[in-house]
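Q: how would this look folded up:
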Amino acid sequence: MSEVWNVWYLIGAALVFWMQAGFAMVEAGFTRAKNTGNIIMKNLMDFCIGTVVFILIGFSLLMGEDLLGFIGKPGFDLFTAYDSFDFSSFVFNLVFCATTATIVSGAMAERTKFLSYCIYSAVISALIYPIEAHWIWGGGWLAGLGFHDFAGSCAIHMVGGISALIGAKMLGPRIGKFTHDASGKVVKVNAFPGHSIALGALGVFILWLGWYGFNGAAATSVGQLGSIFLTTTVAPAVATVVCMIFTWVKYGKPDVSMCLNASLAGLVAITAGCDVTDCLGATVIGAVAGVLVLFGVWLLDHKLRIDDPVGAVAVHCMNGIWGTIAVGLFATSTAPGYAVANAAGETITGLFYGGSFQLLGLQLLGFASVALWTVVTITITFVVIKATVGLRVSRDEEITGLDATEHGLPSAYAGFAMLPDMVDEDMPVVVDGDVPAAEAIPVKKMPSFEDGAPKMTKVEIICKESRLENLKNAMMTIGISGMTVSHVMGCGAQKGKPEYYRGVPVEASLLPKVQVDIVVSKVPVRTVIETAKKVLYTGHIGDGKIFVYDVENVVKVRTGEEGFDALQDVE
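A: This is a model prediction of the structure:
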């Protein structure tokens, strides 16, 4: 039977490795297309670089002979004693190590130098993660006290999340993320919608699947594995439902990207206690995670002014902390294979399940000590990198995109036209609100070139291409049969029903539009305008604009007719 569990252990490691693809898809989908190649490269290299440094030093610091409860004894058993080496343990711990490093990538996406990323990723995998993980899983001092983190809410997710928080703060926001007034005060947070929610969703599903290996690989019985699978399913599901309801109520629509983040938040939160909680505990942990991830995104945007494109801090840092503490509240001895004990070997349980404050105190101690270690070491790492090779790319490189400037890759989507980004640090402030159709589509009348009442009028309509057929049919019903249609690109600030991305109002950006030009004389101009407004109105940003111009003359080339006569067979 032990052989079966050994095989499952390695299958679990393979599932955790597959999570690298999930992280890559989430980060790529939640950011802009011009940086997709850079993000894929980073997620590939943090595993590959992590493997190299884990071989050289990381694994021995994590799982080597304990030295004073602080680190494992450095060594090269992988090379000197290969016949007796624990291959399975190396692979299993390696894939967990890579996860810690890749978390940081998302929060610092779209403006970090690739070289700098490689350096700090190597430091995390070689030193920062292995040493604190030794305290918890390698026989270190926290393990001896009875601190419990079964699969890494603290050791992996909180550490990666704290590193992401400090890195994003030192790096600064993306160009155009925050609008400042003349005094430099932030007056508005701007949304940068990810270029592919489909990729982001695919990444979340890949991660959720991989999490069954992440949490379940170390199980030692069928009962324990089943219980872990249950809690690993319940917590993210509840978190996602709570997030959906909250965003639906607050913003009028359920937010897709936030719900995807909430699924990950629930998974992170249950990771520490997945083996020691029951269904009720997992439900509460997930519900709190669903609210906490929303609070985290809001806190970073509106209070801390830290730009985190993918929500890594809210998902991993905040819910890693919550998951660590939750063990002290919800651990129950009814869980299969329960083995949480203090330094004296006495079984201890969570506060809400008949236990004292002992386990909660141990969990708080573990959180505080690992957090302090991470803050100090990653801050030193970023300060040194910033002072030497630099952390951030130039303004021009950021605007162009890191695919082209860092990797010489014109586009990660060869054959597809990418729209340019309209970003600026001085983006205008837009006041959004629900307005009636009469005000949602502005009608602008341009002055005549000459005095006197115009005989003919040009109506220029800018609208979405998807509404063109309806507009054409409506015009024909009122007697307009001639029009000119052009494809244009348009952007602008306008009133309308606000759209939200991750709780931030979305500004209008440069998008494909169609321009419909109609010259009328017999059909009343007001009839044309009202018909167009009725057909085009949705109340959303981008409904369109209508311009009205005086026309001095019209000449029909074929017949030579001018003015009113030239229009009679096209109205």
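Q: Okay, now the unreliable bits of this protein?
A: 1, 417-455, 490-499, 507-510, 564, 566-571 (pLDDT under 70).
Q: what residues does the longest strand along the chain touch?
A: The longest strand of the chain (DSSP state E) is strand 511-520. Strand 511-520 has contacts (C-beta atoms under 8 Å, 6 or more residues apart in numbering) with 419, 456-465, 468, 471-472, 475, 480, 482-491, 528, 542, 544, 551, 554, 567, 571. C-beta: built from backbone N, CA, C; applies to glycine.
Q: Select from those every entry located in strands.
A: The members of the contacts of strand 511-520 that map onto strands under DSSP E are 456-463, 484-490, 551.
Q: Return the members of those residues classed as buried.
A: The neighbour count (16 or more other C-beta atoms under 10 Å) marks 456-463, 490, 551 as buried among the ones in strands among the contacts of strand 511-520.
Q: what's the closest of the residues you listed to residue 356?
A: Of all these, residue 356 sits closest to residue 490, with 64.7 Å by C-beta to C-beta.
Q: Contact partners for residue 392?
A: Residue 392 neighbours (C-beta under 8 Å, 6+ apart): 111-113, 171-172, 398.
Q: who wins for neighbours among these?
A: Among those, residue 112 has the most neighbours (other C-beta atoms under 10 Å), with 27 neighbours.
Q: before we move on, back to that, out of the ones in strands among the contacts of strand 511-520, what pair is the most spread apart?
A: Between any two of the ones in strands among the contacts of strand 511-520 (C-beta to C-beta), the greatest distance is 28.4 Å, for 456 and 489.
Q: With adjacent residues omitted, what lies nearest to residue 375?
A: Spatial nearest neighbour of residue 375, chain neighbours left out: residue 162 (6.2 Å); criterion: C-beta to C-beta, 6 or more residues apart in numbering.
Q: Residue 532 now?
A: Spatial nearest neighbour of residue 532, chain neighbours left out: residue 461 (5.4 Å); criterion: C-beta to C-beta, 6+ apart.
Q: ok, residue 415 - contacts?
A: Counting by C-beta under 8 Å, 6+ apart, residue 415 makes contact with nothing.
Q: er, residue 373 actually
A: Residue 373 makes contact with 128, 131-132, according to C-beta under 8 Å, 6+ apart.
Q: and residue 473, what does it touch?
A: Residue 473 neighbours (C-beta under 8 Å, 6+ apart): none.
Q: ok, so what distance separates it from residue 543?
A: 18 Å (C-beta to C-beta, to the nearest Å).
Q: cool, residue 56 as well?
A: Per C-beta to C-beta, residue 56 is found 59 Å from residue 543.
Q: the more surrounded of these two?
A: Counted by other C-beta under 10 Å, residue 56 and residue 543 do not tie: residue 543 has more neighbours, with 22 against 15.
Q: For residue 513, see how far away the more buried one is.
A: On the measure of C-beta to C-beta, residue 543 and residue 513 end up 11 Å apart.
Q: ok, now residue 37?
A: Taken as C-beta to C-beta, the span from residue 37 to residue 513 is 29 Å.
Q: How about residue 410?
A: 26 Å.
Q: got it, and residue 30?
A: Residue 30 is 26 Å from residue 513, by C-beta to C-beta.
Q: starting at the chain centroid, how far to stretch 18-32?
A: How far stretch 18-32 lies from its chain's middle: 9 Å, per C-alpha atoms, centre = their mean, to the nearest Å.
Q: what two of the contacts of residue 392 are the furthest from one another?
A: 113 and 172 (13.1 Å).
Q: about what we covered before: tell me which of the contacts of residue 373 is nearest to residue 372?
A: residue 132 (9.9 Å).
Q: Okay, the closest one and residue 120: tell me how far apart.
A: According to C-beta to C-beta, residue 132 and residue 120 sit 16 Å apart.
Q: For this protein, just list every one of the strands.
A: 66-67, 71-72, 178-180, 186-189, 443-445, 456-463, 484-490, 500-501, 504-505, 511-520, 545-551.
Q: which one of the ones you listed lies closest to residue 266?
A: Closest of the strands of the chain to residue 266 is strand 500-501, at 21.2 Å (criterion: C-beta to C-beta).
Q: where do the helices sit along the stretch 351-500 of the chain?
A: 358-388, 395-400, 402-407, 437-440, 468-477 (DSSP state H, counting those that start in this stretch).
Q: How about the stretch 101-250 of the chain?
A: So, for the stretch 101-250 of the chain - with DSSP H, counting those that start in this stretch - the helices run 114-123, 129-137, 141-145, 159-171, 197-216, 222-251.
Q: Now do the buried residues in the shortest one.
A: By neighbour count on 16+ other C-beta under 10 Å, the buried set for helix 141-145 is 141-143.
Q: As JSON lines, these with distance to residue 524 would be great.
A: Output for those, formatted as JSON lines (distance: C-beta to C-beta, whole Å):
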{"residue": "141", "distance to residue 524": "85"}
{"residue": "142", "distance to residue 524": "80"}
{"residue": "143", "distance to residue 524": "83"}
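Q: which of those lies closest to residue 402?
A: Taking C-beta to C-beta as the measure, residue 402 lies nearest residue 142 of these, at 38.4 Å.
Q: residues contacting that closest one?
A: By C-beta under 8 Å, 6+ apart, the neighbours of residue 142 are 135-136, 365-366, 369-370.
Q: Just the buried residues of these.
A: Applying 16+ other C-beta under 10 Å to the contacts of residue 142, the neighbour count classes 135-136, 366, 369-370 as buried.
Q: returning to what we had before: ok, residue 410 and residue 513, which is more surrounded?
A: Ranked by neighbour count (other C-beta under 10 Å), residue 410 and residue 513 place residue 513 first, with 20 against 13.
Q: From residue 530, how far off is that one?
A: Residue 513 sits 21 Å away from residue 530, going by C-beta to C-beta.
Q: And residue 297, by the same measure?
A: Residue 297 sits 42 Å away from residue 530 when distances are taken as C-beta to C-beta.
Q: Look at the two and report which has more neighbours.
A: residue 297 (23 against 15).
Q: Does the more buried one touch residue 503 like I think?
A: Yes: with contact defined as C-beta atoms under 8 Å, residue 297 and residue 503 form a contacting pair (6.2 Å).
Q: who touches both of these two?
A: Taking C-beta under 8 Å, 6+ apart as the criterion, residue 297 and residue 503 both touch residue 258.
Q: about what we covered before: dump the buried ones among the contacts of residue 142 to CSV, plus distance to residue 88.
A: Below are these laid out as CSV (distance: C-beta to C-beta, whole Å):
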residue, distance to residue 88
135, 22
136, 19
366, 26
369, 29
370, 25
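Q: count of neighbours near residue 192?
A: Neighbours of residue 192 using other C-beta under 10 Å come to 24.
Q: what's the spacing between residue 526 and residue 324?
A: To residue 324, residue 526 is 66 Å away according to C-beta to C-beta.
Q: Might one say that residue 366 is in contact with residue 137?
A: No: taking contacts as C-beta under 8 Å, residue 366 lies outside contact range of residue 137: 11.8 Å.
Q: Need the residues touching each of these two.
A: If you check residue 366 and residue 137 against C-beta under 8 Å, 6+ apart, the residues they both contact are residue 149.
Q: quick one, which of residue 132 and residue 120 is more surrounded?
A: Shown here are residue 132 and residue 120; by other C-beta under 10 Å, residue 132 has more neighbours (30 against 24).
Q: and that one, what is it in contact with?
A: 155, 159, 370, 373-374.
Q: Looking at the residues you listed, which is nearest residue 260?
A: Among those, and counting by C-beta to C-beta, the member closest to residue 260 is residue 159, at 22.6 Å.
Q: is it true that the closest one touches residue 369?
A: No: using C-beta under 8 Å, residue 159 is not in contact with residue 369, being 11.6 Å away.
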